[in-house]
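Novice: 3D, please:
(chains A and B)
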Amino acid sequence: MADGKQKENPYLAHLRPAQKDGVDPSSKEPLYGWIPRHVKGDAVRKAMNGEVNPFTKQPHSKQYKTILESRKKLPVFAQMDDFLKIFSDNQIIVMVGETGSGKTTQIPQFVAFSDLPHAKGKLVACTQPRRVAAMSVAKRVADEMDVQLGRQVGYSIRFEDMTEPGTTFLKYMTDGMLLREAMNDPNLERYSTIILDEAHERTLATDILMGLLKGVAKKRKDLKIIVMSATLDAVKFQKYFSIRSGVSAPLFKVPGRTHPVEVFYTQEPEPDYVEAAIRTVLMIHRAEDPGDVLLFLTGEEEIEDACRKIKLEADDLVNQDPESVGPLICIPLYSSLPPQQQQRIFDSAPGPRVPNGPPGRKIVVSTNVAETSLTIDGIVYVVDPGFSKQKVYNPRIRVESLLVSPISKASAQQRAGRAGRTRPGKCFRLYTEKDFMKELEEQTHPEILRSNLSNTVLELMKLGIKDLVSFDYVDAPAPETLMRALELLNYLAALDDEGNITPLGQMMADFPLDPQLAKMLIVSPEFKCSNEILTITAMLSVPNVWLRPNNQRREADAAKAKLSVPDGDHLTMVNVYNQYVTNKHDKNWTWTNYLSQRALQQAENVRAQLQRNMERFELELLSLSDEKKLFMNIRKALVSGFFMQIAHKEGDKGNYLTVKDNQVVALHPSCGLDSQPEWVLFNEFVLTTRPYIRTVSEVKSDWLIELAANYFDLTSFPDGETKQALKRAWAKRAGKDPSRGDGADRKSKKPKH
DNA sequence: GAGCACTGC
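Specialist: The predicted structure is shown next:
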C-alpha cells in the first residue's frame, strides 16, 4: 500500500524521457519500455532473474530464488518463448498441458508478464472448477511471484474475496464466481485476459463461460482467452473457438511429467466388480512390490463395506503367512467424510510387523474424489472397476438421479494416471480390453447434458441471451431440457409468456439459488415469515445436517425425533437451526444431537450471504408471533416456490402420486411427519430401492389453487383421485366469498401469466 | 424403514 510508485504506469514508461539522474531506468524499473502483449521470453527471464520484483519494486526475498529454480524445471517453463509468441499473435488460444506440466501456476504468470494488466487497470483471471484449487494455487503463485497473497495475486471464491481492488492483477477464481460476475458485467470489462483452466472437466459454469466468452471475444478484440484442457478435448475446443470458419484456434501443447503406468485388463468380464476389486487388491498385496494402492468404487456404503472385507481377509492372510505377507491398512475416502478422517489418506503405510519382515501397505478405497479433487502421493497401483455414480436428468419427469454407470475412456485414463505420480506404476482394469475399446464412451458427458437447467436458463436470460436454442453451446442440451426449464421459469413468473425475463426473474437470478428457492425467498415477506423462509432456504442449500452413524442409528433417530416438528420437515429445519444458534455456547450440542456441525456452520454462512442479497433488494426479514399462523404461512410460502412438487395421497397404503408427473412415490423413511396428510409438498424425489419423496411438509389444497391457480387448472389434469380432490377445492372456493383471502397472499396469487 | 458421485454460486 505504502508504495508511492504504485501509480506509475509502466505501460507508458518507455514514452518518458530518460530519468534525470542518468541511471539506466531499467535497473529500477524492470518493466521499463515493455510493450504489453509484445513481450519476449528473454525480457521475462531477465526480469524474473532480477534483484527487484518488477511488480512491487521490492528486492526479491531469499526463498524467491529457490522457488524460481524449481519452476525452471517445469516442462512449461522451457516453452516460455513459444507461449509468449503465440499469446502475442492470437486472441484465443487452446492449450494442452498434461499432469505435472505446471500450466496452472506458470501460464497465468507468463500472461501477467506479457499482458501487464496492472498498467491498464485490468486483471488476468484464471478459473478453476473447485474452491480449494483456486485458493491453493493462488497461494502458490503468490509465493512464486514473491508477493503477499491477496495483494498483486489473489483469489475469489464464494464467501471469500481475497483480492485488493486496484492492486490485484492476477486472480484465481472458481468458474461459478466468474459466471456470477458476468451476470452484472456481460462483457467482463475488468479483465484483459481470461484463462479457463480444467476446461475438459466441462462443468456447467465452464461450459456457459465458453459460450459467453466466444461471443464477448467478437465484441471485445482487446480480450484474450486461453482455454486449458486435457489432450483428448483439445481439437473440439480448437474448432469451437475458430474465429473465422474453417480456421481452428491455435493449439499450444506442453508435455506432462509423469511416470509410465502399465495397464492390465481382465480376460473375461467380471460379474461382480466389488468382489473382483477386493480380490485384486489382495492379489497385489500378496504378490506385488511395495507401494500403495488406490481402488475406485462408487459410493459410501460400497466403500465402507469393501474396507471391512479387505481388512478381514488381509488379517487372515497375515495370520496364515506372517513371514511373507505384510500388514495392511485400508482407508475409506469420500467427500462427506469429516475432514479429519479424510486426512488419514496421507498417513504412511505401516512398517513391517516383524523385524526384516515384509513392509506394510496402504490401500485407499475412494469415490471419484480421488480422480480429480484430491491427489494422494505414493500411489503405485490403481484398481479400476470402471464404474462411478453419475448424475442423470430425465426431463420428462423432471428428475435428477444418481446412477452407477460405466466411466469414460478419459476417466479411465485419469484413474490410471494416478498410479504414476511418484514412480512407474500399474493399473488393473477390471474389464476387458475389448470393452475398453468398444464400450466405453470417449468422454464423460458434460454436465450440461445431464442436468436440470432451470437455474442455468435463468442465468443465461440474465446475461441477456434470449434465444437459448441458438446459443452457441459447446454441446447443446436436449431441447426438452430447455423446454422444461422455460416452463418452470414461466410458472414461477420469472419469464413472461413471450419468454422475456421479468423484474422478478432478474431479482431471482441474483440469488445463488435454484429458481424455486429464490422465488420462495423473494415472496416470503408477503407471508410475514421471511425470517423462517430464509433459514429453510439456507438449510436446503447445504448437505444433510442429520448424522446417522452405523452403530448408533437408534440413538440418532431418537435425537432427531426430539427435534422434529409434526407439521413437516421444513419446520423441523427451522427448529434445528434455531436450536443450533441458541446452543452455540455449548460445544457438544451438535454432537449430542447427532447433527453435523460442518453443515450447520455452512447453513449459517449461506443464510448470512442470502440475507445480504435480500437487503440489497430491501426485502424485509419478518416473523409472526402467532405460532399457528406462522407455521401455516411458512408452508404457504413453500407452495409459492414449490407448487410443482406436490403429491396427493392415493388409497390407504401410504402411496402418493406426484401431481402431473403421476409417479407413484412413498414418504421417505427419514420423513418426520406424524401422519399421512392428503397433500404434501416435497423438495426431493429420490430413486433408490423405490421412488421416495424426501423433505416433506403437509399443505392444503386451497393454498394450491390460491397460490398457483394456473398450474392447478383442472383442465390440465387427467381423471383420477387428484383431480377429484382439486375439484372439491375449487368448488369450495367458488362457494366462498370470491374476495379471496387476506392481502398477504394476493400478490402471488396468479403466476403472472 | 433408508443412504450421500462430485462440484459451484
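Novice: Who are the contact partners of the residue in the stretch 1-150 of chain A that DNA strand B sits nearest to?
Specialist: For the stretch 1-150 of chain A, the residue closest to DNA strand B is A:Arg131, as judged by CB to the nearest atom of the strand, at 3.0 Å. Yep, even glycine has a C-beta here, placed from its N, CA and C like the rest. Applying CB atoms under 8 Å, 6 or more residues apart in numbering to A:Arg131 gives the contacts A:157-158, A:174.
Novice: ok, and which of the residues you listed reach DNA strand B?
Specialist: Contacts with DNA strand B are made by A:157-158, A:174 out of these, judged by CB under 7 Å from any atom of the strand.
Novice: Restricted to buried residues, select these in PyMOL.
Specialist: Here is the PyMOL command that picks out the buried ones among the ones next to DNA strand B among the contacts of A:Arg131, judged by 16 or more other CB atoms under 10 Å:
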select buried, chain A and resi 157+174
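Novice: could I get the ones next to DNA strand B among the contacts of A:Arg131 as CSV with distance to A:Gly720 and secondary structure?
Specialist: Listed next are the ones next to DNA strand B among the contacts of A:Arg131 as CSV, based on distance: CB to CB, whole Å; DSSP: H, G, I helix; E, B strand; the rest coil:
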residue, distance to A:Gly720, secondary structure
A:Ile157, 48, strand
A:Arg158, 44, coil
A:Thr174, 46, strand
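Novice: Adding pLDDT, write the ones next to DNA strand B among the contacts of A:Arg131 out as a markdown table.
Specialist: What follows is the ones next to DNA strand B among the contacts of A:Arg131, written out as a markdown table (pLDDT from 0 to 100):
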| residue | pLDDT |
| --- | --- |
| A:Ile157 | 93 |
| A:Arg158 | 91 |
| A:Thr174 | 95 |
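Novice: Next to DNA strand B in this structure, residues from the stretch 501-650 of chain A, please.
Specialist: Residues of the stretch 501-650 of chain A lying close to DNA strand B (CB under 7 Å from any atom of the strand) are A:512-513, A:541, A:544, A:546-548, A:553, A:557.
Novice: For these, pick the one with the most neighbours.
Specialist: Neighbour counts for those, by other CB atoms under 10 Å, peak at A:Leu513, which reaches 23 neighbours.
Novice: can you pull the contacts of that residue?
Specialist: Going by CB under 8 Å, 6+ apart, A:Leu513 touches A:521, A:537, A:541, A:610.
Novice: same thing but 7 Å
Specialist: A:521, A:537, A:541 (CB atoms under 7 Å, 6 or more residues apart in numbering).
Novice: is it true that the second one touches A:Asn613?
Specialist: No. Assessed by CB atoms under 7 Å, A:Thr537 is found out of contact with A:Asn613, at 10.5 Å.
Novice: between the two, which one's more packed in?
Specialist: Neighbour totals were compared for A:Thr537 and A:Asn613, and A:Thr537 leads with 26 against 18 (other CB under 10 Å).
Novice: Need the three-state assignment for the more buried one.
Specialist: Recorded secondary structure, A:Thr537: helix (DSSP: H, G, I helix; E, B strand; the rest coil).
Novice: and the two most separated of the residues of the stretch 501-650 of chain A next to DNA strand B?
Specialist: For these, the maximum inter-member distance is 34.0 Å, found between A:Pro512 and A:Arg553 (CB to CB).
Novice: which residues sit in contact with A:Leu178?
Specialist: Applying CB under 7 Å, 6+ apart to A:Leu178 gives the contacts A:125, A:127, A:209.
Novice: TSV for those, including secondary structure, distance to A:Glu302 and pLDDT?
Specialist: Below are the contacts of A:Leu178 laid out as TSV (DSSP: H, G, I helix; E, B strand; the rest coil; distance: CB to CB, whole Å; pLDDT from 0 to 100):
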residue	secondary structure	distance to A:Glu302	pLDDT
A:Ala125	strand	39	97
A:Thr127	strand	33	96
A:Leu209	helix	34	96
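Novice: will you turn the residues you listed into JSON lines that also has distance to A:Val574 and neighbour count?
Specialist: As requested, those are exported to JSON lines (distance: CB to CB, whole Å; neighbours: other CB atoms under 10 Å):
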{"residue": "A:Ala125", "distance to A:Val574": "39", "neighbour count": "24"}
{"residue": "A:Thr127", "distance to A:Val574": "36", "neighbour count": "26"}
{"residue": "A:Leu209", "distance to A:Val574": "36", "neighbour count": "24"}
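Novice: Which part of the stretch 501-650 of chain A gets nearest to DNA strand B, residue-wise?
Specialist: Of all residues in the stretch 501-650 of chain A, A:Pro512 sits closest to DNA strand B, at 2.9 Å by CB to the nearest atom of the strand.
Novice: Just want the phi and psi numbers for that residue.
Specialist: When read as degrees, to the nearest 10, the backbone of A:Pro512 gives phi -80, psi 60.
Novice: Run a quick neighbour tally on the closest residue to DNA strand B within chain A.
Specialist: Residue nearest to DNA strand B within chain A: A:Thr688 (2.1 Å; CB to the nearest atom of the strand). Look at A:Thr688: counted by other CB under 10 Å, it has 10 neighbours.
Novice: wait, doesn't A:Phe116 sit right on A:Pro36?
Specialist: Not quite, residue A:116 is Leu, not Phe. Yes. Using CB under 7 Å, A:Leu116 is in contact with A:Pro36, at 4.5 Å.
Novice: For the two, indicate the residue with more neighbours.
Specialist: A count of neighbours by other CB under 10 Å puts A:Leu116 above the other of A:Leu116 and A:Pro36, at 24 against 18.
Novice: so how far is A:Leu486 from that one?
Specialist: Separation of A:Leu116 from A:Leu486 (CB to CB, to the nearest Å): 44 Å.
Novice: What confidence value was assigned to the closest residue to A:Gly641 other than its chain neighbours?
Specialist: Leaving aside its chain neighbours, A:Gly641 sits nearest to A:Met520 (2.9 Å; criterion: CB to CB, 6 or more residues apart in numbering). Note on A:Met520: pLDDT of 96.
Novice: Same question for A:Thr688.
Specialist: 77.
Novice: same thing with A:Ser324?
Specialist: So, for A:Ser324, pLDDT stands at 84.
Novice: How about the secondary structure of the closest residue to it other than its chain neighbours?
Specialist: Leaving aside its chain neighbours, A:Ser324 sits nearest to A:Pro358 (6.0 Å; criterion: CB to CB, 6+ apart). Per three-state DSSP, the secondary structure class of A:Pro358 is coil.
Novice: What about A:Pro358, how many residues nearby?
Specialist: With other CB under 10 Å as criterion, A:Pro358 counts 19.
Novice: Please report the distance of it from A:Asp674.
Specialist: For A:Pro358, the distance to A:Asp674 equals 58 Å [CB to CB].
Novice: so what's A:Ile329 bridging to?
Specialist: With DSSP bridges applied, A:Ile329 shows beta-bridge pairing to A:Lys362.
Novice: Is it correct that it is in contact with A:Pro350?
Specialist: Yes. If you go by CB under 7 Å, A:Ile329 and A:Pro350 touch, sitting 5.7 Å apart.
Novice: Double-check A:Pro446 against A:Asp207; I have them as touching.
Specialist: Yes. The pair A:Pro446 / A:Asp207 is scored as a contact, 5.9 Å apart, by CB under 7 Å.
Novice: how about the CA coordinates for stretch A:337-352, as CSV?
Specialist: The C-alpha coordinates for stretch A:337-352 follow below in CSV (Å, rounded to 0.1, in the frame of the first residue of the first chain):
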residue,chain,number,x,y,z
LEU,A,337,-16.3,-37.9,5.4
PRO,A,338,-15.3,-35.3,8.1
PRO,A,339,-12.0,-33.6,7.1
GLN,A,340,-10.1,-35.1,9.9
GLN,A,341,-10.9,-38.6,8.6
GLN,A,342,-10.1,-37.5,5.1
GLN,A,343,-6.6,-36.6,6.3
ARG,A,344,-6.0,-40.3,7.0
ILE,A,345,-5.2,-40.8,3.3
PHE,A,346,-1.9,-39.0,4.0
ASP,A,347,-0.9,-41.5,6.7
SER,A,348,2.1,-43.5,5.7
ALA,A,349,1.8,-47.3,5.1
PRO,A,350,2.5,-49.4,8.2
GLY,A,351,6.0,-50.7,8.7
PRO,A,352,6.9,-54.4,8.8
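Novice: Before I go, just wanted to say thanks for your time.
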